[in-house]
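> Kindly generate the corresponding structure for this input.
(chains A, B, C and D)
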Amino acid sequence: MNGLQIPLEHVLIIASFMFSFGLLGLMLRRNIIFMLMSLEVMLNAAALAFVAAGAKWAQADGQIIFLLILSVAAAEVAVGLGLVLQIQRRFKTLDMDTAKRMRG
Amino acid sequence: MSLALLLGILLAGGLVAWLSERWHKDLPRWLSLVTIGLALLQLVSSLNVLAPDSFTLVPDGRDASSWLIHYQLAWIPRFGISFELAMDGLSLLLVLLTLLLGLVAVASSWTEIDFKPGFFQANLLWTLAGVCGVFLALDLLLFFLFWEVMLIPMYLLIAIWGHENKAYAAMKFFIFTQVSGLLMLLSIITLAWQGYVHNGYYSFSYFDLLALPLDSTLAYCLMLGFFIAFVVKLPAFPVHTWLPDAHTQAPTAGSVLLAGILLKTGAYGLMRFSIPLFPEASMQFAHIAMSLGAAGVIYGAVLAFAQSDFKRLVAYSSVSHMGFVLLGLYAWNSLAMQGAVMQMLAHGVSTAALFMMAGALQQRLHTRNMFKMGGLWYYMPRMGACALFFAVASLGLPGLGNFVAEFLILVGLFAVSPVMTAIATLGLITAAVYSLWMMQQTFQGKTQLATKTTASLQDFGGREMFTMAAMMLALLWLGLYPQPVLDLAQPVIDSLQALVTISPQIAEASL
Amino acid sequence: MAGSNYLWLIPFFPLLSATLLMVTAGQLPKKIIGFLGAGSIALSALCVALQAQHFLASGEIMQVTLWTWMSVANFAPGIAFYIDGLSIVMMSVITGVGFLIHLYSLEFMDDDSSYSRYFAYMNLFVAAMLLLVMADNLLLLYLGWEGVGVCSYLLVGFWYRDPANGKAARKAFVVTRVGDAAMALGLFLLFTELGSLDIQTLLLAADSKWQSGDLIPTIATALLLGGAVGKSAQLPLHTWLPDAMAGPTPVSALIHAATMVTAGVYLIARHYSLFLLAPITLEAVAWIGLATLLIAAFTALAQQDIKRILAYSTISQIGYMFLALGVGAFSAGIFHLMTHAFFKALLFLAAGAVIHCLHHEHNIFKMGGLRTRLPIVFWSFLIGSAALAALPFTSGFYSKDPILLSAWAMPNIGSYLWAGGLLGALLTAIYSFRLVFVVFFGEAKTLPNKQPGWKMSLPLALLCLLSIIGGWFVLPLDHVFPAYSHGEINHSVEIISIATPLIGLAIAYGLFLGKQLSISGFTQSTLGKALQSFCFSGWRFDALYQLLWVCPYQVLAQLWRNEPIDYLYRGIVSLMQWSNEQLSKLQSGELRWYATSMVFGLVILVLIMLRSLS
Amino acid sequence: MMESLFYLASFIALVATVLALSRANATHALIYLIVSLLAVAVIFFLLGAPFAAALEVLIYAGAIMVLFIFVIMMLNLGDSGVAKERQWLSPRYWIVPGLLAAILFGEMLVALQHHSAALSGKMISPKAVALELFGPYVLAVEIASMLLLAGLVGAYHLGRRFLARTEMEEELQEELKEQEQQRAQP
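Numbering: from 1, shown residues only, chains lettered A, B, ... in the order given. This next block holds a predicted model:
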């Protein structure tokens, strides 16, 4: 199959945009669920960049890294959502601005 | 070997004293006495071996074997660090002073310490070991090690057994000494590196680093590193503020050790390291150092007069007296340097006695505030007489050690700088003001104490009188026949001057 | 027992006795204390007498070194004695008058609880004073000098439970210490310039090194003069002596009249050849003496406390000695020193007897009519006053007259000095007989409760004798000082000198006894009152010094009390704490803040990387 | 044709992401996120990574997002939560994060500016991936497995406490108590 004929940059720009937007979400949202979602978006963007790079060099490494990212994301979400439940229980809210016991 | 044994006895004695606390709570202080006694014996026996004329030989600054005793053991050969101890007349005098004042310190804490007496005596002995190490070490890194070793037990002494504001005082003491000590470490390492550049091998030995050809700016900076560390310990005028707090809050034995010996390590350091390692830079710096000394003399005396706390007053008087030492060392002639050595010894004894007096007063009256005392002579005449003796000693009464010291310093200084001498001579007047003020507020005048307190006042007992009498005799001896001490220190001072006259411009500058 | 080998015994006896008394700390029975205290001085006096006889017979100057005190480089003072005529005179005065005063003290201090301490201090004082006059070098002299200062401090503040005594003692010590500091500087200068502190070596070296009028001897003598002025209570350091009367009266007699305060005179006389090299200083000595004697005499006129009158008269008489030294009549100065020691000790002891027998009353206007009630004291006082006023044929006359004549003989300034001295003599006569008339004549206001015993009477009698015949003594000073002759003296000058005290006596009689004269009109006027209180306060020197030195020092001490330097370090600590607070605010616990700051850091990092890439 | 499909998918991915992260309602946001993930899966496929695309759909859009939905439902965030989210999304909160994100994006654009390379367009089969994965990358696989195990344990630990005493449970127990009391009273 004769694949896609577009410059690598375009994919990377998309990935960058998604990454930046994920960051924006992370900084903007106070609800921890949205923060986790933003993280997912960022991870996904990184994964996209890897896969694109793998496609550029016709190597499998990109996808392997994607796999690893996937497992990181899964673990992170599992633990993260567990934390969400705990936060809801302790603080009766998901607003991370009220949960600041880590203050120095 | 004999010197290492001396340090070993003190360190091990401390450990044993600590452990002995489990069997009986009086045991540690006896063990402490025995340990110091053993150390003294060890010192004397190691001196006995020497030929009598070796005490009058001028040691060659760069030849280790010309010293009285020299001992070297490889420690970290890769960096040229060795366990190198050596003794000349100066170290001998100061080690003797250390051990004798150690006995005084033990005696002064005889009934004062109830809480963990074993650990107290252990810290006391380790401080002594550290101080002796400082006076003996000739490897710069080993010297730094001992410098720290004496600091930590002292810190514990203040922080655990101190008075009401002990945490603050101990921390202040620690930080001042530590920060300045780190500057010294920096200088030591840079100096050793310069030695590597010049000699081609690493060495931290005093003899290898003496008279390195250094770039003058670098030498000046390195000298400042040493100077600041020593001057903080001395303490000289602008960096003395740890001392009143530390002295005031420390337990009696701690104050005795601090004032009697620890301050002398600063002066010793200046004399042994700062000046000989960087003679040119020190010469350039001499005027500033002397100004600091003169400022300290006056400033300490004025502040001593302003105090209401007995111990604080004595502490500030130490600042004033150590200003004389700084003046003497940088006046750079044998009269003034002899005076500085004498001042170290005489001040060690007189101030230790005054601190012991303060401790005794606090134990009896539960206050150090002089405005709450007064008229104590009536109730405790023996104590009053002792206080009077040491008060007039500290104001420089001729016939006592402090006078000899101050007079020699000032005579020597006059040849160098009459103006400085005039300023420092004002210190004689201000010393009279605060010493007599102290006597008036404590032992003379109307008593401010409740009758209940005065009825139960106990005059000095046998143990205290014995200690005091010993110190009085020491001061009288230093004041009337100081020649043995001067003879012992003279070769060291000669060798110092021999080092200094290496470069001709120094001789010019000293005129 | 005579000869240089036994010289050390002289200061040794009092020193030993003082040490014994201190070590036993009052545990000995009173008899033994008294025996030790007075006996040691007697022994010492005996030794001095033997030595003096030996010296007068042989004329041999004795020099002995007990041991080398310290030896550093070329600085090697010894514990060494140098005995010549001057020293012999001083030693005789110290031990002779000293012994009489000790004897007197046995009774005077009898009911005091600190009997032993008193004699310990007194003996220590005598030892130190002997060292001062026997010293071969300036350092040992300085030891004695400071030693007598400390003893004076201890004895002035002897009754330590009254804070006022302590204050007086401290004042005495600190004010003299100011002079001592100047003297110490003089010592440094002399050593630095001449390379020795041995007095004889030093004087010789000075003679060969300097010309008369050189700058360095002028400075050096000025500094020594500072020490002398402090110790001898001369202007401007005289304020301590009147307050020093707080001590027991025999102390005032011994220390503050006969011996210690004349140490300054001794110092200058001992270094006379050095002072001759500095004519400016020598003239200053004369002027200081004159100013002091006048100011003190005026002040004495206005005092009411019997001891303070005597104290001011002491200051005034030492002023005469300074005047004598200043005009170069050194032996006249020393002669006056000796006669003054006799009659002033006599006066003080008599005053002490009055105070002792009169319930410790000091105010002369509460006394009166004691002539019949205390006859021995009266006669002593009368003789003493006569000698003090230099009435003809008393010892004071023979010593004061040469001083005035020598002053007259001074070129240029001589007549001023003479006139001033004469005015002083007039005032001296007035105040001394004012004292006699007010205390011993008139109606009795307080009745004595006891009579002096033999231990007090005997010294009084002996001192009376000395005060009368002291003028005929010939002092062995010919070889010490250069021969001095004041040449032809106008006879009218001599007659005026003799007549002046008599005029003073007459005025005093008219004012205080016969009441033919009255100055109440003047004393009641505003100006008169102001003048009187001005004189009473000692010309306000105390207030001036309080304002100039004491207050600023106290204010300075209070200002610095809390360590200005420490504010710097506390500032560093505060800065650390402040930055800690600020930085820990960053650690807000807000997740979004962390994220934002991380992104901020990321942005910066990427920027840096971009820059380094391009 | 493939190119336009790529751009379409990209467009959808971007729009869906933006929408997902700017929603007030969590469930809506999640749906948009799933759309975004599916679009990315299409891009993967077009980039020649079918295996990655499949996993993206299965695990990301499938498993992970479902986990999100479960949690959101379990927390039962109601309308009040939505209102609060609206309030938190008011424009002034956007300024600083927006600025930072924009700068970062700009920086990345600058970084990408100079390099220009076409894709190879080659398909990488799952077999190739598997060979690599269990060949040189076997250590990474082990590490990933450990990570997952840790995630599993962590999630279980955190979640179990919650499950043991949920509010619902407490309510249930209170109700039971009330019932018992009612029963006991008459």
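
> Which strands and helices lie in contact with the longest helix along chain B?
Taking DSSP state H as the criterion, chain B has its longest helix at helix B:166-199. Packing partners of helix B:166-199 (3 or more Cβ pairs under 8 Å, 6 or more residues apart in numbering or on different chains; DSSP states H and E): helix B:140-161, helix B:206-209, helix B:216-233, helix B:242-249. Backbone N, C-alpha and C define where each C-beta goes, glycine included.

> Buried residues in it, which are they?
B:166, B:169-174, B:176-178, B:180-181, B:183-185, B:187-189, B:191-192, B:194-195 (16 or more other Cβ atoms under 10 Å in any protein chain shown).

> Can you add mean neighbour count and distance to chain D and give the helices and strands packed on helix B:166-199 back as TSV?
What follows is the helices and strands packed on helix B:166-199, written out as TSV (neighbours: other Cβ atoms under 10 Å in any protein chain shown; distance: least, Cβ to the nearest Cβ, whole Å):
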stretch	mean neighbour count	distance to chain D
helix B:140-161	22	43
helix B:206-209	21	52
helix B:216-233	22	43
helix B:242-249	26	46
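
> Kindly reformat the ones you listed as TSV containing mean pLDDT and distance to residue C:465.
What follows is those, written out as TSV (pLDDT from 0 to 100; distance: least, Cβ to Cβ, whole Å):
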stretch	mean pLDDT	distance to residue C:465
helix B:140-161	91	68
helix B:206-209	85	74
helix B:216-233	91	65
helix B:242-249	89	59
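
> Nearest to chain C among these would be which one?
helix B:242-249 (7.5 Å; Cβ to the nearest Cβ).

> Tell me the helix or strand right after that closest one.
Going down the chain from helix B:242-249, the next helix or strand is helix B:252-257, by DSSP states H and E.

> just for the chain, where's the confidence low?
This is for chain A. Scanning chain A for pLDDT under 70 picks out the ranges A:1-4, A:101-104.

> Switch to chain C, please.
Applying pLDDT under 70 to chain C flags the ranges C:1-2, C:484-489.

> Could you list the domains of it?
C:283-517, C:562-613 (automatic domain parsing).

> now the last one: how far from the chain's centre is it?
Computed by Cα atoms, centre = their mean, to the nearest Å, the chain-centroid distance of domain C:562-613 equals 67 Å.

> do the same with the longest one
Mean-position distance between domain C:283-517 and its chain equals 18 Å (Cα atoms, centre = their mean).

> Now the terminal residues of it, how far apart.
Length of domain C:283-517, first residue to last, Cα to Cα, to the nearest Å: 39 Å.

> Contacts only, for residue A:94.
A:31, A:32, A:33, A:84, A:87, A:88, D:75, D:77, D:81 (Cβ atoms under 8 Å, 6 or more residues apart in numbering or on different chains).

> and the first one, bridged to which residues?
Meaning residue A:31. In this structure, residue A:31 has the following beta-bridge partners (DSSP bridges): residue A:95.

> give me the residue from the stretch 251-400 of chain C nearest chain B.
For the stretch 251-400 of chain C, Cβ to the nearest Cβ, closest residue to chain B: residue C:263, 14.1 Å.

> That residue: which element?
Per DSSP H and E, the secondary structure element for residue C:263 is helix C:263-270.

> for that helix, packing partners?
Using 3+ Cβ pairs under 8 Å, 6+ apart: helix C:263-270 touches helix C:85-108, helix C:115-134, helix C:138-156, helix C:215-231, helix C:306-326, helix C:330-357.

> Next secondary structure after it?
Past helix C:263-270, the next helix or strand by DSSP H and E is helix C:272-276.

> Many thanks, have a good one.
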